[in-house]
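> Here is a sequence with its predicted model. Questions after.
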Protein chains: 2
Amino acid sequence: MKWKPMETYRAFVFILDGVGDRPIPELGFRTPLEVAKKPNMDYIAMRGMTGLADMIEPGVRPGTDTGHLAIFGYEPYRYYPGRGPLEAVGAGVELKPGDVALRCNLATVEEKDGKLIVVDRRAGRIKGKDAEELVKALNEAIKEVDGIKVEFHPATAHRVALVLRGKGLSPKVSNSDPGTAKEGNPIKEVLPLEDSEEAERTASILNKIIKLSYEVLKDHPINKRRIKEGKLPANIILTRGAGMVPLDLKSFEERFGVKGYVIAEEDTIIGLAKLLGMKAEVPEGATGDLESDVMAIGKRALEVYESTDADIIFVHIKGPDIAGHDANYLGKVKIIEKADEMIGYILKNTPEEKTVYAITADHSTPCSVRDHSGDPVPIAVKGPGCRVDKVKRYDEFSCAEGILGRIRGVNLIPIVLDLMNRRLKFGE
Amino acid sequence: MKWKPMETYRAFVFILDGVGDRPIPELGFRTPLEVAKKPNMDYIAMRGMTGLADMIEPGVRPGTDTGHLAIFGYEPYRYYPGRGPLEAVGAGVELKPGDVALRCNLATVEEKDGKLIVVDRRAGRIKGKDAEELVKALNEAIKEVDGIKVEFHPATAHRVALVLRGKGLSPKVSNSDPGTAKEGNPIKEVLPLEDSEEAERTASILNKIIKLSYEVLKDHPINKRRIKEGKLPANIILTRGAGMVPLDLKSFEERFGVKGYVIAEEDTIIGLAKLLGMKAEVPEGATGDLESDVMAIGKRALEVYESTDADIIFVHIKGPDIAGHDANYLGKVKIIEKADEMIGYILKNTPEEKTVYAITADHSTPCSVRDHSGDPVPIAVKGPGCRVDKVKRYDEFSCAEGILGRIRGVNLIPIVLDLMNRRLKFGE
């Protein structure tokens, strides 16, 4: 028996966004995965271990963010930082454990009876240079409040990411944005959502920042000009979606002892990957829809494999999810087949006897639901010398009979690491 | 249908250390369990329920200690006390919840520029009477430090178990032993590893103990004699592997309401069992390797069954793990067959209609990995009137199709207790 001491392997994890489905009458009550021709996915299933995975827990509908958090090996209930931080990192902001981030709008308010009434939540969908200049003015005027560092980062159009950095903050605060309420309502005071000093302090700081933003913006030359031009002034920021980067969030490398590299078609995933300290990129040719150049994504993944020391390369294909949302079952079959060719290209150009291959999804997006569902997703993992079950196809029903049984999303990376011989023992 | 109210049963739990494996090319891509002739294990599988168990969680490689903690019904992440306490109880020391224990070496240091430089981490592998006398001197001179009771217990050769007993201790402290670093380095100061009063206090106490040990030992007559004889003096203790017995650790009997008795081939398991308040012994004839007299172990288990009131008798066979570490697949097949004969002997000599039989492993030790792996282990449980699945063989692939599905190691004892009719209701 050949045995090479301490030999470790590298891995590819293919993420087919939203690929899981339910029986589709027009497909003879089969799923797109059952209908698609996908010899390479089936090969991985046939020579490996299969099962079903609940990304969060049975019946719970994951988001793309929570689903990927699980795929990256982080318990979503514990480590999900919320929308504010995810939008911030998606917009390129670097966040650290303990940072509180919020989604903000540049908005238009009007003073009435001593109250600030929301005239337009998006300040006439302000964008471009006007928005950038106003955010710059906010950054120059509001650098610190009550010992907490304050940063504003421009995002798309009227959107702004607000970051609070310092000790003793809490994400448990309410929104100042009246949100879906009809315009014409006053902005809301930010309130603590739990009985803690941190939440009270954070709410107080946010109320001060909102008031300050009005002082800074209301007579700003850009707004004066906008009013003259008949446009709505962006004279305040409205906050929502507060979230905190968990204090005990460790980077992927610290947590698992290996380097991850993420190639993905979506900014949220890139942001999440960077928050976890991984290198991440949207490759050229990736359009995040059914027209995406999936083979170009595979070629870039192979380049990363050949030119970096990444141990696990995650390759994300967005198309199946888009097709599910659109109930476009034929499109879903087709994008699965394109993804399969890409996986075949990787299989052909990497040494199978030294590589672990895994296929998963971040959630199911059944065409009949047109949204994410709580159905578990099929998974297949193949590695040098691994156990092999009888399952020969990668789909929702075949994989249900595999030896991995029904696992949770966070279990995937430990199983991959074990086959890579990179897993440390717990105990002796 | 006959029904006897409240009838309770006794159980045997057979632990085949490291028995899980992966396909072995030389065995036609089968595992040792698939190849071995084991009619008695298969009988338990055929007449019982089967499944796969992750001792810790999917993909995580258990140690023998953490694996057994799970088999005994204790969540490893919560109750694992660490190496210090396990070595201490393995050496016969009685520990209680809250005790902090460390692994120590008697070592040789030399003063140089006001620093203590490690000349030999094992004091020339001191052993026997010299070591015992020096440990005795430590015990006489260092009985209490800052209100904490201090005990030294001689272990094998240069090894010493150090126990701290008292309130407000923490195991979160660093090692003074420079460890794998080359000799010639100074001993390290013990530092707190978390921001807590308990950790700071424990580190401070340990630094005092280490300094005191040098004062006590440096001019001890035994060391003066050793120097004259050209031997290295054992003039200090070096500490590592601090661990605490969890404050809420209950005995096996308190936890489950039944008496356990452990017959095992390894001191660590005996120590762990005793820490959980179980009777435990290494039986005569047990050598902990492939030469072990497995039938003698079975005979002793039957004696315990006949002469004690133990409710669950755990019977541990070490051989399969040894064979896995050595990639000795034929040896693994053979030891499995020996274990099967032993199980047959127990089956023949106990009343099946009143006994629960379970087979498990503490982890997989695949011959291709030559170490513990994260692969789940097959389990089979048979009891009077229990559900019976279609599975007819005890191995990694057959049991994957059983009705127990994929469970966790800590689930085993509750399932066994349930079949014993010894499980209390939770709720009414």
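Thanks, I have the structure now.

> Get me the contact residues on the stretch 251-400 of chain A for chain B.
A:385-389 (C-beta under 8 Å from any C-beta of the partner chain). Quick note: C-beta positions are derived from backbone N, CA and C, even for glycine.

> can you do 10 Å?
Residues of the stretch 251-400 of chain A lying near chain B by C-beta under 10 Å from any C-beta of the partner chain: A:381, A:383-390.

> which of these has the most neighbours?
Tallying neighbours with other C-beta atoms under 10 Å in any protein chain shown puts residue A:381 at the head of those, with 27 neighbours.

> which residues touch it?
Applying C-beta atoms under 10 Å, 6 or more residues apart in numbering or on different chains to residue A:381 gives the contacts A:11, A:13, A:44-45, A:48-51, A:356-360, A:387, A:402, A:404, A:412, A:415-416, A:418-419, B:59.

> What about those, which are in helices?
A:44-45, A:412, A:415-416, A:418-419 (DSSP state H).

> Dump those residues into JSON lines; add neighbour count and pLDDT as well.
What follows is these, written out as JSON lines (neighbours: other C-beta atoms under 10 Å in any protein chain shown; pLDDT from 0 to 100):
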{"residue": "A:44", "neighbour count": "22", "pLDDT": "98"}
{"residue": "A:45", "neighbour count": "27", "pLDDT": "98"}
{"residue": "A:412", "neighbour count": "25", "pLDDT": "98"}
{"residue": "A:415", "neighbour count": "29", "pLDDT": "98"}
{"residue": "A:416", "neighbour count": "28", "pLDDT": "98"}
{"residue": "A:418", "neighbour count": "24", "pLDDT": "97"}
{"residue": "A:419", "neighbour count": "29", "pLDDT": "97"}
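
> residues near the residue lying closest to residue A:8 once chain neighbours are set aside, how many?
Spatial nearest neighbour of residue A:8, chain neighbours left out: residue A:421 (4.8 Å); criterion: C-beta to C-beta, 6 or more residues apart in numbering or on different chains. Look at residue A:421: counted by other C-beta under 10 Å, it has 21 neighbours.

> C-alpha coordinates for the top helix by length along chain A, PDB please?
Under DSSP H, the helix in chain A containing the largest number of residues is helix A:197-218. What follows is helix A:197-218 as a C-alpha-only set of coordinates in PDB (Å, rounded to 0.1, in the frame of the first residue of the first chain):
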ATOM      1  CA  GLU A 197     -25.300  50.400  27.900                       C
ATOM      2  CA  GLU A 198     -23.800  49.600  24.500                       C
ATOM      3  CA  ALA A 199     -27.100  49.800  22.700                       C
ATOM      4  CA  GLU A 200     -28.100  53.100  24.500                       C
ATOM      5  CA  ARG A 201     -24.700  54.600  23.700                       C
ATOM      6  CA  THR A 202     -24.800  53.500  20.000                       C
ATOM      7  CA  ALA A 203     -28.300  54.900  19.600                       C
ATOM      8  CA  SER A 204     -27.300  58.200  21.200                       C
ATOM      9  CA  ILE A 205     -24.200  58.500  18.900                       C
ATOM     10  CA  LEU A 206     -26.300  57.700  15.800                       C
ATOM     11  CA  ASN A 207     -28.900  60.400  16.700                       C
ATOM     12  CA  LYS A 208     -26.100  62.900  17.100                       C
ATOM     13  CA  ILE A 209     -24.600  61.900  13.800                       C
ATOM     14  CA  ILE A 210     -28.000  62.200  12.000                       C
ATOM     15  CA  LYS A 211     -28.500  65.700  13.500                       C
ATOM     16  CA  LEU A 212     -24.900  66.700  12.600                       C
ATOM     17  CA  SER A 213     -25.400  65.400   9.100                       C
ATOM     18  CA  TYR A 214     -28.300  67.800   8.700                       C
ATOM     19  CA  GLU A 215     -26.200  70.700  10.100                       C
ATOM     20  CA  VAL A 216     -23.400  69.900   7.600                       C
ATOM     21  CA  LEU A 217     -25.600  69.300   4.600                       C
ATOM     22  CA  LYS A 218     -28.500  71.700   4.800                       C
END
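
> Packing partners of it?
Packing partners of helix A:197-218 (3 or more C-beta pairs under 10 Å, 6 or more residues apart in numbering or on different chains; DSSP states H and E): strand A:100-112, strand A:115-120, helix A:128-141, strand A:144-145, strand A:148-154, strand A:159-165, strand A:236-244.

> what do you get if the cut-off is 7 Å, keeping everything else the same?
helix A:128-141, strand A:144-145, strand A:236-244 (3 or more C-beta pairs under 7 Å, 6 or more residues apart in numbering or on different chains; DSSP states H and E).

> Just want the residue of the stretch 151-300 of chain A that's nearest chain B.
Of all residues in the stretch 151-300 of chain A, residue A:256 sits closest to chain B, at 10.5 Å by C-beta to the nearest C-beta.

> Hmm, residue A:417 and that residue touching each other?
Yes. Under the criterion of C-beta atoms under 7 Å, residue A:256 makes contact with residue A:417 at 6.1 Å.

> The two: which is more packed in?
residue A:417 (26 against 22).

> Tell me the secondary structure at the closest residue to the more buried one other than its chain neighbours.
In space, and not counting its chain neighbours, residue A:417 is closest to residue A:423: 4.4 Å by C-beta to C-beta, 6+ apart. When classified by DSSP: H, G, I helix; E, B strand; the rest coil, residue A:423 comes out as coil.

> which one of the residues of the stretch 251-400 of chain A next to chain B sits closest to residue A:369?
Distance to residue A:369, by C-beta to C-beta, is smallest for residue A:381 among those, at 26.9 Å.

> Listing partners with orientation, what would you give for the helix or strand the closest one falls within?
Under DSSP states H and E, the secondary-structure element containing residue A:381 is strand A:377-382. Strand A:377-382 has the following strand partners under DSSP bridges: strand A:49-54 (antiparallel), strand A:355-360 (antiparallel).

> now the first one, how far from the centre of its chain.
Going by C-alpha atoms, centre = their mean, to the nearest Å, the spacing between the C-alpha centre of strand A:49-54 and its chain's C-alpha centre is 21 Å.

> Give the next helix or strand downstream of that strand.
Next along from strand A:49-54, by DSSP H and E: helix A:64-71.

> Check which helices and strands that next one sits against.
Using 3+ C-beta pairs under 7 Å, 6+ apart, helix A:64-71 sits against helix A:76-79, helix A:267-275.

> comparing the ones you listed, which gets the lowest mean pLDDT score?
Among the helices and strands packed on helix A:64-71, helix A:267-275 carries the lowest mean pLDDT, at a mean of 93.

> now for it, which elements pack on it?
helix A:64-71, helix A:83-90, strand A:260-263, strand A:279-281.

> quick one: low-confidence ranges for the stretch 51-200 of chain A?
A:180-182 (pLDDT under 70).

> Quick check, the residue in it closest to chain B?
For the stretch 51-200 of chain A, C-beta to the nearest C-beta, closest residue to chain B: residue A:51, 8.2 Å.

> How much space separates that residue from residue A:376?
9 Å (C-beta to C-beta, to the nearest Å).

> Next, show the common contact partners of these two.
residue A:406 (C-beta atoms under 7 Å, 6 or more residues apart in numbering or on different chains).

> thinking again about what came up before, nearest to residue B:284 among the residues of the stretch 251-400 of chain A next to chain B?
residue A:387 (37.2 Å).

> Enumerate every residue touching that closest one.
Taking C-beta under 7 Å, 6+ apart, one finds A:49, A:403, B:22-23, B:375, B:396 in contact with residue A:387.

> Pull the number of nearby residues for residue A:267.
Residue A:267, neighbours per other C-beta under 10 Å, totals 18.

> Identify the residues contacting the closest residue to it other than its chain neighbours.
Setting aside the residues directly before and after it, residue A:267 is nearest to residue A:90 in space (C-beta to C-beta, 6+ apart), at 4.4 Å. Counting by C-beta under 7 Å, 6+ apart, residue A:90 makes contact with A:267-268, A:270-271.
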